[in-house]
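Enquirer: Take a look and give me a structure for this.
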Amino acid sequence: MLTKTNTDQLLTVLRDEILPEIDELRKYQGTQGQIVENKQRAQEILMDLIKNTEVIYNSLNLKEVGVAFKEDILNWIKRGLDEAPYFDNTLITYRPPVNGEVTFFLGPIVTPNGPNKRGFYFEAFLALRDEPEIMESIEKELPHPKNGCESLKILAGTQGFMEEKCIVFFPENVKTKEKVTSQNFAIFFFNKFHDIYNDDTLKRANSIFPKFKFKSKDMDREITYEARVIWGYLHDYYHHCGNKPFDQNIQAKMNFFAGILEEIKVDCQTIITLNERKYPYWEEITEFVLFERLLRYPSQHNASRNFDSGTGFFLFSWLIENGQSIYRDRGHTHLDLPKCIEELKILVSEIEELEIIHNDIEYKDQAEQYVRKHLLPSNNNDKFTIPENYFIYQENQNVNVPYLKFSAGTI
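Expert: Model prediction:
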């Protein structure tokens, strides 16, 4: 296992030699990862990256990944840098970290909800896996069928990971030639969540639900990390349950409308489980889940084209049309949390009914019809129109929140 001194040395290499070149390379890329200008300089950078990352791959016992990375780079150069890059070899060879281990990945990666225009730009991260002891009893009570969910603290990385709100790295985020049909790991940078929640989400919640009695305020960073890990575990646990587990139906569930139902379902199941089993920080995590979905996700600048925003608009609209837990009174918006949880149980049962459908085409069609009751089609290129009953939209947009930048750190 790396010492603090070893990790600091890798951080120095990353900061001084690798990240500046990646930052430059990204300026020459299109949204599919292809090089659209300065091809000769881009090739020089790519060859430098092969050389400069070798010490990191070797230090982290990822030597085979380094070899695969070199192979993918050389194949890309041979095919032509104006073509999209394919990093199948790097992804196949990559081994996610065990607890306490530092890991590294570099390649063309989509960073959802990051600062960039959505695309396969070159991104990299150095991160430490840190699974809190608090998870041991929960994992015994609800053993994960595959447990590919990994909780990490990001130490350093490119703009897509170190600015704004991307906290995920999934296999399907990497640009590959062959479609990713199974998800053998899911990495989360949960140490970013304290700033995201306090500097963004909680500000929105205080503004829009001013009478709500918050349990999730004034939590320190480490407690927030532990609580977010619990949410992440339960969320991923439920992805692997039911009639259509995500990992076994990834192509069906990656459909925009089926995906919305999948994300909402597993978060609702997480809330229900927390309130039934009273796991540590159960009240705080319930607030995390609801306010992230209902408020922060719909605040994205491209909300009507954004998948995560769609989940929040859908959930709010469904609750307004089918329940009584969110309501306006005397100029304020209110949330009746106990009533909301009971309403979420109904929503879960309706989504689960759709998952009985075996045929993927029929399933996706029914999922779209269900979602379209709340997210109507748009006349332009948007995925949907903002629901009229999302009456907090303008108020939510007007909340002043900072642009988030995360500093590189050490263990």
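
Enquirer: And the helices in the stretch 151-300 of the chain?
Expert: Taking DSSP state H, counting those that start in this stretch as the test, the helices found in the stretch 151-300 of the chain are 159-162, 193-196, 202-208, 221-239, 250-253, 256-277, 282-291.

Enquirer: And the ones you listed: which comes nearest residue 57?
Expert: Counting by C-beta to C-beta, residue 57 lies closest to helix 159-162 out of the helices of the stretch 151-300 of the chain; the figure is 18.4 Å. For glycine as for every other residue, the C-beta is placed from the backbone atoms N, C-alpha and C.

Enquirer: Put the alpha carbons of the closest one into PDB.
Expert: This file holds the C-alpha atoms of helix 159-162, laid out as PDB (Å, rounded to 0.1, in the frame of the first residue of the first chain):
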ATOM      1  CA  GLN A 159     -11.400  19.800 -14.900                       C
ATOM      2  CA  GLY A 160     -14.300  17.400 -15.500                       C
ATOM      3  CA  PHE A 161     -13.800  15.800 -12.100                       C
ATOM      4  CA  MET A 162     -12.300  18.700 -10.100                       C
END
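
Enquirer: For it, what is the distance to the chain centroid?
Expert: Here helix 159-162 shows a centroid-to-chain-centroid distance of 13 Å under the convention C-alpha atoms, centre = their mean, to the nearest Å.

Enquirer: what packs against it?
Expert: If contacts are counted by 3 or more C-beta pairs under 8 Å, 6 or more residues apart in numbering; DSSP states H and E, helix 159-162 sits against strand 121-129, strand 149-157.

Enquirer: worst average pLDDT in the helices of the stretch 151-300 of the chain?
Expert: Note on the helices of the stretch 151-300 of the chain: lowest mean pLDDT is at helix 250-253, with a mean of 88.

Enquirer: quick one on the thing from earlier: could you redo the helices and strands packed on helix 159-162 as CSV and give each row mean neighbour count and mean pLDDT?
Expert: Converted to CSV, the helices and strands packed on helix 159-162 look like this (neighbours: other C-beta atoms under 10 Å; pLDDT from 0 to 100):
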stretch, mean neighbour count, mean pLDDT
strand 121-129, 23, 98
strand 149-157, 23, 96
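
Enquirer: and those as JSON lines, adding distance to residue 11?
Expert: Converted to JSON lines, these look like this (distance: least, C-beta to C-beta, whole Å):
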{"stretch": "strand 121-129", "distance to residue 11": "7"}
{"stretch": "strand 149-157", "distance to residue 11": "5"}
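
Enquirer: right, so of the ones you listed, which gets closest to residue 99?
Expert: Nearest of the helices and strands packed on helix 159-162 (C-beta to C-beta): strand 121-129, 5.4 Å.

Enquirer: Give me the nearest residue to the residue sitting nearest the centre point of the chain, chain neighbours excluded.
Expert: Nearest to the geometric centre of the chain sits residue 168, at 3.8 Å (C-alpha atoms, centre = their mean). Leaving out its chain neighbours, the residue that sits closest to residue 168 by C-beta to C-beta, 6 or more residues apart in numbering is residue 188, at 5.9 Å.

Enquirer: picking that back up, any idea how far residue 73 is from the residue nearest to the centre of the chain?
Expert: Between residue 168 and residue 73 the distance, using C-beta to C-beta, to the nearest Å, works out to 25 Å.

Enquirer: Also residue 252?
Expert: 33 Å.

Enquirer: got it, and residue 172?
Expert: 21 Å.

Enquirer: neighbour count winner among those two?
Expert: residue 73 (21 against 16; other C-beta atoms under 10 Å).

Enquirer: State the helix or strand in which residue 358 lies.
Expert: Secondary structure assignment for residue 358, by DSSP states H and E: no helix or strand.

Enquirer: quick thing: my sequence starts at 589, can you match it?
Expert: Done: numbering now begins at 589, and the last item shifts to residue 946.

Enquirer: quick one: residue 761 and residue 701 touch, right?
Expert: No: counting by C-beta atoms under 8 Å, residue 761 sits too far from residue 701 to count as a contact (11.8 Å).

Enquirer: Make TSV from the helices of the stretch 739-888 of the chain and add mean neighbour count to it.
Expert: Converted to TSV, the helices of the stretch 739-888 of the chain look like this (neighbours: other C-beta atoms under 10 Å):
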stretch	mean neighbour count
helix 747-750	23
helix 781-784	20
helix 790-796	19
helix 809-827	21
helix 838-841	18
helix 844-865	21
helix 870-879	22
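
Enquirer: These: which one's closest to residue 731?
Expert: Comparison of those against residue 731 by C-beta to C-beta identifies helix 809-827 as nearest, at 8.7 Å.

Enquirer: can you give me the strands in the protein?
Expert: Secondary structure of the chain (DSSP state E): strands located at 690-697, 709-717, 737-745, 756-757, 774-777, 914-917, 920-923.

Enquirer: Name the surrounding residues that touch the last one.
Expert: Think strand 920-923. Residues outside strand 920-923 that contact it (C-beta atoms under 8 Å, 6 or more residues apart in numbering): 796, 797, 798, 799, 800, 878, 913, 914, 915, 916, 979, 980.

Enquirer: Perfect, that will be all.
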